[in-house]
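S.K.: from the sequence below, what's the structure:
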Amino acid sequence: MAILMDHLISWMIAVPFLGIVILAFVRDEELIRRIAFGTTIVGVFLSLILWKEFDSTQQGMQFVERVEWMPTFNIQYAVGVDGISILLVILTALLCPLCILCSWTGITTRVRAFLSLILLVEGAMIVVFTALDLFLFFMLWELTMIPMYFMIILWGGPNRIAAGLKFVLYSLTGSLLLLVGILGVYLNGGHTYDLLVLTEQTYSSSAQFWLFLAFFMAFAIKMPMFPFHTWLPDAHSEAPTAGSVILAGVLLKMGGYGFLRFCLPMFPEASANFAPYILWLSVTAIIYGGYLALAQSDLKKLVAYSSVSHMGFVTLGIFVFNSQGIQGAVLQMFNHGITTAALFISVGLLYDRTHSRAISDYGGLHKPMPRFAALFFLFSVASFGLPGTCNFIGEFLVLVGTSYINFAMVLISMGGIILAAAYMLWMLQRVVLGDAKTEAAKMLPDLSERELATLIPLAILVLCIGLYPGPLIELMDASVINLIQQTTGM
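M.R.: Below is the predicted model of the structure:
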């Protein structure tokens, strides 16, 4: 047990990669699915141990592990978590088994390769959210792009090649900017890649300006912020269900995490100077994403554009530089991962039955699929922040934090919430209520036990966090206060 606790994060990283090795020697497809699922369940178990043993009163990094990797270049294998990153590690671990469950019957070709890619993403994402060495961070940041690209082009829709290439081109552009920023920090921060050391360094105003710009552009593309979002709807609409869940649930959070881990503490002066522009871009994204979602006839694209709007709340909360805003932003990242994953899984379950994502092909699903209708309703109202569901508390805290800076932004952002309610309720009316548009829609089978096992954990989280968010807020509180002190000097 002591070995497990001393190297808990390394075990969480190693387990998915060990699972890939085991899958390489297994030929039976059903056994491959069971082994991959079991591997991700071990990851969930380890993430719960991490949560249980985490001391939420401490501000610094915990479970830190350091091993010299390339001493000549001062590169280490260094990992650790604080109250911000632990939530994203837990989110990653929770979503991966659900990705495997929702792909159980939907993926019938190259099953081993597909499940290996999910495990590869899981291991790489945990490194990204725990890395304390910038070289290690960049390597695994790059690695996360590869599984998503292959998921899109090998198991995606009819326009998968174009969508995959667009995803890679945008990602590579962001990665190059990130590499420039990391090299700039290395040269200006004492020739080290140690994140904790670099955070304590003081950079000149000119260096902060250019380094912040490089990091910001990289993270804005990944998030994606308006106007760097155009790759997202295409990638979502063509990716298989599990790919969309990973993309929206976890990969988009890399951008928000980057702002919190790098931009704010390293470049406080530049962050403050750029903040007014970023805040207005965030407000624009909230309205723009909601407006475009309202115009969609494709279920997946509707959910994809809603992500642009929700990510606007995240950047809005981050760059108000107060505890309410940043806590709301971190909660919004966690909660968006849950609700959007649930919506994409729900849309995927419909697509598996009808091979259509057109809203006009459905209607009246409350009759043949009452269990699906109930869960889909819950996830939809949670997406626009109905009180009592998880998204409400995150958006509420962001708006409270923003009210201290500019109340006009609060009023405009509330318009985005109204738009979200409009497009979600209108979508529910056309898909779940009314009469079925086709004879096939009248005879669709309701959720199976496996499908219920995929969606019910997300429904429980939606309600539990919405009604009692205290444990998550307490988990991040000390780390958020520490981040604000680093950024504002107060």
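S.K.: average model confidence for the top strand by length along the chain?
M.R.: Of all the elements of type strand in the chain, the one with the most residues (DSSP state E) is strand 62-70. Model confidence over strand 62-70, given as mean pLDDT, is 88.
S.K.: could I get the buried residue list for it?
M.R.: 62, 63, 65 (16 or more other Cβ atoms under 10 Å). The C-beta positions use only the backbone N, C-alpha and C, and glycine is treated the same way.
S.K.: swap in stretch 48-64?
M.R.: Across stretch 48-64, burial judged by 16+ other Cβ under 10 Å covers 49, 50, 51, 54, 56, 59, 61, 62, 63.
S.K.: between which two of those is the distance greatest?
M.R.: Between any two of the buried residues of stretch 48-64, the greatest separation by Cβ to Cβ is 21.6 Å, found for 49 and 59.
S.K.: starting from residue 299, give me the distance back to the nearest residue to residue 428 once chain neighbours are set aside.
M.R.: Spatial nearest neighbour of residue 428, excluding adjacent residues (Cβ to Cβ, 6 or more residues apart in numbering): residue 380 at 5.4 Å. Applying Cβ to Cβ, to the nearest Å, one obtains 11 Å for the distance of residue 380 from residue 299.
S.K.: what is in contact with these two at once?
M.R.: Contact criterion Cβ atoms under 8 Å, 6 or more residues apart in numbering; residues bridging residue 380 and residue 299 by contacting each: residue 427.
S.K.: for the longest helix seen in the chain, give the mean pLDDT please.
M.R.: For the chain, the helix reaching the highest residue count under DSSP state H is reported as helix 323-354. Model confidence over helix 323-354, given as mean pLDDT, is 90.
S.K.: repeat for stretch 220-239
M.R.: Across stretch 220-239, the average pLDDT comes to 82.
S.K.: in it, which residues are buried?
M.R.: The neighbour-count criterion (16+ other Cβ under 10 Å) identifies 220-226, 228-229, 231-239 as the buried residues of stretch 220-239.
S.K.: what about residue 429, neighbour count?
M.R.: Residue crowding around residue 429 was assessed by other Cβ atoms under 10 Å; the count is 12.
S.K.: how near is it to residue 370?
M.R.: In this structure, residue 429 lies at 17 Å from residue 370, with Cβ to Cβ as the measure.
S.K.: now do residue 210
M.R.: For residue 210, the distance to residue 370 - Cβ to Cβ - is 57 Å.
S.K.: who's more crowded, those two?
M.R.: Of the pair residue 210 and residue 370, residue 210 is the one with more neighbours under other Cβ under 10 Å, namely 16 against 13.
S.K.: tell me what the helix or strand hosting that one is packed against?
M.R.: When elements are defined using DSSP states H and E, residue 210 is found to belong to helix 205-222. On a contact count with 3 or more Cβ pairs under 8 Å, 6 or more residues apart in numbering; DSSP states H and E, helix 205-222 meets helix 160-188, helix 253-258, helix 268-294.
S.K.: just the CA coordinates of that helix, formatted as CSV?
M.R.: Extracted C-alpha coordinates of helix 205-222, given in CSV (Å, rounded to 0.1, in the frame of the first residue of the first chain):
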residue,chain,number,x,y,z
SER,A,205,7.1,43.4,-19.3
SER,A,206,8.3,42.8,-22.9
ALA,A,207,9.0,39.1,-22.2
GLN,A,208,5.6,38.7,-20.5
PHE,A,209,3.8,40.3,-23.5
TRP,A,210,5.3,38.0,-26.1
LEU,A,211,5.3,34.8,-23.9
PHE,A,212,1.8,35.4,-22.8
LEU,A,213,0.7,35.8,-26.4
ALA,A,214,2.3,32.5,-27.5
PHE,A,215,0.8,30.5,-24.6
PHE,A,216,-2.6,32.3,-24.9
MET,A,217,-2.9,31.5,-28.6
ALA,A,218,-2.0,27.9,-28.1
PHE,A,219,-4.6,27.4,-25.3
ALA,A,220,-7.2,29.5,-27.1
ILE,A,221,-7.0,27.2,-30.1
LYS,A,222,-7.3,24.1,-28.0
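S.K.: going forward, count from 22.
M.R.: Sure, I'll start numbering at 22, so the last one becomes helix 226-243.
S.K.: now do it: distance to the chain's middle.
M.R.: Remark: helix 226-243 is offset 21 Å from the chain centroid, using Cα atoms, centre = their mean, to the nearest Å.
S.K.: which helices and strands does the helix or strand that that helix is followed by pack with?
M.R.: The first helix or strand that comes after helix 226-243 along the chain, using DSSP H and E, is helix 252-259. Under the contact definition 3+ Cβ pairs under 8 Å, 6+ apart, helix 252-259 sits against helix 155-176, helix 181-209, helix 320-339.
S.K.: most packed of the ones you listed?
M.R.: Each of the helices and strands packed on helix 252-259 was assessed for mean neighbour count using mean count of other Cβ atoms under 10 Å. The highest is helix 320-339, with a mean of 27.
S.K.: any idea how far that helix is from the chain center?
M.R.: Averaged C-alpha coordinates place helix 320-339 at 11 Å from its chain's average position (Cα atoms, centre = their mean).
S.K.: tell me what that helix is packed against?
M.R.: Under the contact rule (3+ Cβ pairs under 8 Å, 6+ apart), helix 320-339 is packed against helix 252-259, helix 274-279, helix 289-315, helix 344-375, helix 411-424, helix 428-452.
S.K.: and the gap between the residue nearest to residue 266 when sequence neighbours are not counted and residue 117?
M.R.: Counting by Cβ to Cβ, 6+ apart, residue 266 lies nearest to residue 362, which is 4.6 Å off, once chain neighbours are set aside. Distance from residue 362 to residue 117, counting by Cβ to Cβ: 11 Å.
S.K.: do the same with residue 323
M.R.: For residue 323, the distance to residue 117 under the criterion Cβ to Cβ works out to 25 Å.
S.K.: just residue 333 next, same as before
M.R.: Using Cβ to Cβ, one obtains 27 Å as the distance from residue 333 to residue 117.
S.K.: report pLDDT for the residue in the chain sticking out farthest from the centre.
M.R.: Among the C-alpha atoms of the chain, the one farthest from their average position, using Cα atoms, centre = their mean, is that of residue 460, at 37.3 Å. With respect to pLDDT, residue 460 has a value of 70.
S.K.: kindly report the same for residue 510.
M.R.: Confidence score, pLDDT, at residue 510: 63.
S.K.: try residue 225
M.R.: Reported pLDDT at residue 225 in the predicted model: 85.
S.K.: how many neighbours does it have?
M.R.: Each residue near residue 225 was counted by other Cβ under 10 Å, and the total is 10.
S.K.: now do the phi/psi pair for it.
M.R.: Backbone geometry at residue 225, expressed as degrees, to the nearest 10, gives phi -70, psi 160.
S.K.: nearest residue to it other than its sequence neighbours?
M.R.: Spatial nearest neighbour of residue 225, chain neighbours left out: residue 209 (7.9 Å); criterion: Cβ to Cβ, 6+ apart.
S.K.: next one: residue 464
M.R.: Nearest to residue 464 is residue 389, by Cβ to Cβ, 6+ apart, at 6.2 Å.
S.K.: how many neighbouring residues does the one you found have?
M.R.: The tally of other residues near residue 389 (other Cβ under 10 Å) stands at 15.
S.K.: could you check the angle the longest strand of the chain makes with helix 155-176?
M.R.: Using axes from the mean of the first three to the mean of the last three Cα atoms, to 10 degrees, the direction of strand 83-91 lies 90 degrees away from that of helix 155-176.
S.K.: which strands or helices does strand 83-91 pack on?
M.R.: On a contact count with 3+ Cβ pairs under 8 Å, 6+ apart, strand 83-91 meets helix 29-44, strand 96-102.
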